[in-house]
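Participant: just need the structure, nothing else, for what follows:
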Amino acid sequence: MFIGLDPALDKIYGNSYWYADALAGYQLRELRKGRRVSFQLNVLNVFDKQDPLITRTTADRSSVVRFVVQPPLTWRLTTNVEF
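Facilitator: Got it, this is the predicted structure:
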């Protein structure tokens, strides 16, 4: 990722990053009176990458000016009931 120019006007690139999410779902069919129940598990930031994403440095690369914090590993279980 391009993050700036050095004093010689050469391009400076920051660290690369990758991000992975996952989901799994299951549906129970035909319960009483035609009702259905479904479950979905979402996992965000599966590999729990915590390295900050550097978006800007000083021209001499001595310090970081701006960065983005990666979101934490997050689990979400959703249940839907149709009736």
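
Participant: this structure: strands as residue ranges?
Facilitator: 2-5, 11-13, 22-28, 36-44, 53-57, 64-68, 74-82 (DSSP state E).

Participant: gap between the first one and the chain center?
Facilitator: Centre-to-centre, strand 2-5 and its host chain are 23 Å apart (C-alpha atoms, centre = their mean, to the nearest Å).

Participant: what of the fourth one?
Facilitator: Distance of strand 36-44 from its chain centroid, counting by C-alpha atoms, centre = their mean, is 18 Å.

Participant: for it, packing partners?
Facilitator: strand 22-28, strand 74-82 (3 or more C-beta pairs under 8 Å, 6 or more residues apart in numbering; DSSP states H and E). (C-beta placed from N, C-alpha, C; glycine too.)

Participant: so which elements touch the shortest one?
Facilitator: Going back to what we said before, that points to strand 22-28. With contacts taken as 3+ C-beta pairs under 8 Å, 6+ apart, strand 22-28 sits against strand 36-44.

Participant: so where's the protein uncertain?
Facilitator: Counting by pLDDT under 70, the chain shows no low-confidence range.

Participant: which residue sits farthest out from the middle of it?
Facilitator: Using C-alpha atoms, centre = their mean, the residue of the chain lying farthest from its centre is Lys33. It sits 39.8 Å away.

Participant: now that one: how far from Val81?
Facilitator: 12 Å (C-beta to C-beta, to the nearest Å).

Participant: circling back to that earlier point, wouldn't the residue farthest from the centre of the chain be in contact with Phe83 here?
Facilitator: Yes: with contact defined as C-beta atoms under 8 Å, Lys33 counts as touching Phe83 (7.2 Å).
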